[in-house]
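Enquirer: Turn this into a model:
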Amino acid sequence: MMLSRSTAKAAIRHGGGKSRLIPTTSTIYRFKSSGCPVTGPILKKVPTLPFVGSMIPQHSGVPEFQMSRQYEFNSEMRQKFGEFIHFGIPGFGVGLYGHMYTIFDPNEMAKVVRSEGAYPSGLIEKLWQWRRAMLESGSVLVSKKDSSSSDGETHDYGLFDKGEGWKRHRTFLQTGMLDPVAARGFLPGIVLAAESASLVAPLHSHNVNEYMNYTAFDMFCSFMFGKQMNTTSTSVSTDPTVKGENKENEQFVTAALGVFEKTNAMNLFPLEFLMAKFFPWYKTTKYQALQDDWDTVREIGLRLIYDFVDRYDRDELDEMEKASYLAGAIERQRESNDITRDEMAELCLIALFVGVDTTSSVTAWNLVHLALNPECQEKLHAELVESLNAKGSNGGTRLNADVIGKKVSPYLHLCFRESHRATPAFGAAMWKGNSHNEIEIHGETLPQGSMVQMGHISYDEDYIDEPKNFRPERWTAEGVASRKGTKSEVLDHPFMRDPFSQGARRCPGSRVATNEIHAMISQLILDWKISVPDEKINSLDDITYDAGPIKPIIPELKFESRR
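Expert: Sure, this is the predicted structure:
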């Protein structure tokens, strides 16, 4: 039963035959199945077609989706269809039509998170291109099922699935990553990698995106292997011997980015998903290119990992390597036997591969905002200098966990939070499936097995003033207090805090990645005054972006030494 959206008053008939008047504006008042009144957005069902979902704008009325307009697409969908949307994206959604729901209220999304059950569902299991590449490359993370599932799937993809295999792989992988004390222990190596990368920043001024990718790889390798790869430095070396000795690191980064880029390109064409589903023996040109990149990632990554294992067995590791994540993983694998040696290697490979693009995207956006807002950059520099002098290692000259911590350097964390608000790394805040049972959202019952995504409202002027302006002060205690009791209070919900999702499928490397971003940005701001020399670029509106994770196409940056 639906009542009027009138701006006057709507009468709701309640128990006993009595009516009471409730004022309505943009809020919808209606009854849910139990007979109780409920307020909230009405579910808008966007037209869908088999196999293509809502991907044909002329039929569905959705805006045309482009990687370079993801922020705009999200806002346009909300403005056109409201804050509770049912539409279709083949490959991501459910069934023949690719059905999924979009909501914007984190309190409603919390219901989905709480209903995840022992084997939660998420976006990663929808990456069919990666699952296929893993299967066809012989990954030990993939196993044959005793019988096919309801969707016809005959294989279990472990970490990329939602069953017992996922739980076993996930439990092993996250140990030593998610614990804040453990993540803090890897910071000295991450700082060394950031220092080395910062020294050569001016040499990368014409290709800052590539620079960010190499810095992410170097920092994650310090965590994974306890080793300084120095790819950011060797990639700009003029010594052919040095270049040759380190070319595989560059190849790994290039191939890893290639997998992400080709995945994004394939997602824009429903035909790619249909060909893979109904003609699994056929490889399209796009998929073959993705598999070639994946094979390169796997070959180089596994060689690095198994070489480390061999050196571990020969007792050839130095102290930093012995303190690395991989050394700890080897010990845990051999003590527990919860997973095999080869499963451990493949899990570490996945972590290394994924860590390149996501971390670099978030770091790049932070850097762009600070370059475009010199007053914020100078305020952050002053804070970091003071924090370094008071708490830094090596006589106040080197970053550490205290210096980049929220207590000592609060403005650093405000900048990180504001960058995520203005330019989040993904097109939605999170994707979850209610795999455990049906669930009620905004008074509507969503069937078990539905896919739900939480859209962004953090850069929408309906919720925040001057959304294109970079103002870290929005997240001070005073800023948060000013939103209490207002529509904008929703921005302070924990689900809006960072790009790493929530619940049982929260990114296992989120703490390590956050430390990497804080360390890299801090080191760059301490070492350099960073600006955009192109006079045509003055604000966020002048910055284009692409891919997913969403990353800015960074123009040339100018690095002036502060030392």
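
Enquirer: which helices and strands does the helix or strand encompassing residue 380 pack with?
Expert: Following DSSP states H and E, one finds residue 380 within helix 374-391. The contact analysis (3 or more Cβ pairs under 8 Å, 6 or more residues apart in numbering; DSSP states H and E) places helix 374-391 against helix 341-372, helix 393-396, helix 410-422, helix 510-527, strand 528-531. Where C-beta positions appear, they are placed from N, C-alpha and C, glycine not excepted.

Enquirer: What does the pLDDT read for the closest residue in space to residue 66 that isn't next to it in sequence?
Expert: Computed as Cβ to Cβ, 6 or more residues apart in numbering, the closest residue to residue 66 that is not its neighbour in sequence is residue 73, at 7.4 Å. Looking at residue 73, its pLDDT stands at 93.

Enquirer: For the helix or strand hosting residue 73, list every residue counted as buried.
Expert: Residue 73 is part of helix 70-81 when elements are defined by DSSP H and E. Across helix 70-81, burial judged by 16 or more other Cβ atoms under 10 Å covers 70-71, 73-75, 77-78, 81.

Enquirer: Using JSON lines, please lay out those together with distance to residue 345.
Expert: Output for the buried residues of helix 70-81, formatted as JSON lines (distance: Cβ to Cβ, whole Å):
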{"residue": "70", "distance to residue 345": "34"}
{"residue": "71", "distance to residue 345": "38"}
{"residue": "73", "distance to residue 345": "39"}
{"residue": "74", "distance to residue 345": "38"}
{"residue": "75", "distance to residue 345": "43"}
{"residue": "77", "distance to residue 345": "41"}
{"residue": "78", "distance to residue 345": "43"}
{"residue": "81", "distance to residue 345": "45"}
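
Enquirer: Look at the residue lying closest to residue 373 once chain neighbours are set aside and say how many residues are nearby.
Expert: Distances taken as Cβ to Cβ, 6+ apart put residue 470 closest to residue 373, at 4.8 Å, once the chain neighbours are dropped. Look at residue 470: counted by other Cβ atoms under 10 Å, it has 21 neighbours.

Enquirer: Could you pull up phi and psi at residue 470?
Expert: Residue 470 adopts backbone torsions of phi -90, psi 110, taken as degrees, to the nearest 10.

Enquirer: related to what we said a few turns ago, between the helices and strands packed on helix 374-391, which one is nearest to residue 217?
Expert: Proximity to residue 217 (Cβ to Cβ) singles out helix 341-372 among those, at 5.2 Å.

Enquirer: and the closest one, which residues are buried?
Expert: Residues 343-372 are the ones in helix 341-372 that count as buried (16+ other Cβ under 10 Å).

Enquirer: which residues sit in contact with residue 65?
Expert: Counting by Cβ atoms under 8 Å, 6 or more residues apart in numbering, residue 65 touches 55, 73, 268.

Enquirer: Let's see that with 10 Å instead.
Expert: Contact analysis of residue 65 by Cβ atoms under 10 Å, 6 or more residues apart in numbering lists 54-55, 57, 73, 77, 89, 267-268, 427.

Enquirer: Of these - the most surrounded one?
Expert: Neighbour max across the contacts of residue 65 (other Cβ under 10 Å) = residue 54, 27 neighbours.

Enquirer: How about the contacts made by that residue?
Expert: For residue 54, the contact set (Cβ under 10 Å, 6+ apart) comprises 45-48, 60-62, 65, 77, 85-90, 93, 97-100.

Enquirer: Give the ChimeraX command for selecting the buried subset of these.
Expert: A single ChimeraX command selects the buried members of those (16+ other Cβ under 10 Å):
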select :46,48,60,62,65,77,85,86,87,88,89,90,93,97,98,99,100
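
Enquirer: Filter the contacts of residue 54 down to the ones in helices?
Expert: If you go by DSSP state H, those have 60, 77 in helices.

Enquirer: confidence score at residue 365?
Expert: pLDDT, residue 365: 97.

Enquirer: Hmm, residue 359 and it touching each other?
Expert: No: assessed by Cβ atoms under 10 Å, residue 365 is found out of contact with residue 359, at 11.3 Å.

Enquirer: which neighbours do those two share?
Expert: Shared contacts of residue 365 and residue 359 (Cβ under 10 Å, 6+ apart): 212, 425, 517, 549.

Enquirer: mind listing which of those residues are in strands?
Expert: Secondary structure defined by DSSP state E assigns none of the shared contacts of residue 365 and residue 359 to strands.

Enquirer: Pipe these into a markdown table and attach pLDDT per row.
Expert: Shown next, in a markdown table, are those (pLDDT from 0 to 100):
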| residue | pLDDT |
| --- | --- |
| 212 | 97 |
| 425 | 94 |
| 517 | 98 |
| 549 | 90 |
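
Enquirer: Can you flag the buried ones in the residues you listed?
Expert: For the shared contacts of residue 365 and residue 359, a burial check counting by 16+ other Cβ under 10 Å picks out 212, 425, 517, 549.

Enquirer: so which of those residues comes closest to residue 39?
Expert: Closest approach between those and residue 39, by Cβ to Cβ: residue 425, at 32.5 Å.

Enquirer: quick one: buried residues of the host helix or strand of residue 288?
Expert: Assigned by DSSP H and E, residue 288 belongs to helix 285-313. Judged by neighbour count using 16+ other Cβ under 10 Å, the buried positions of helix 285-313 are 286-287, 289-291, 293-294, 296-298, 300-302, 304-305, 308-309, 312.

Enquirer: ditto for stretch 144-159
Expert: In stretch 144-159, counting by 16+ other Cβ under 10 Å, buried: 155-159.

Enquirer: For this protein, which helix or strand comes out least confident on mean pLDDT?
Expert: Least confident element among the helices and strands of the chain, by mean pLDDT, DSSP states H and E: strand 19-23 (a mean of 32).

Enquirer: what sits against residue 520?
Expert: With Cβ under 10 Å, 6+ apart, residue 520 has these contacts: 190-191, 193-195, 197-198, 212, 215-216, 218-219, 359-360, 363, 366-367, 399.

Enquirer: what about the closest residue to residue 507 other than its chain neighbours, distance to residue 360?
Expert: Leaving aside its chain neighbours, residue 507 sits nearest to residue 500 (4.1 Å; criterion: Cβ to Cβ, 6+ apart). Distance, residue 500 to residue 360, using Cβ to Cβ, to the nearest Å: 15 Å.

Enquirer: Kindly state the pLDDT recorded for residue 32?
Expert: The confidence metric pLDDT takes the value 58 at residue 32.
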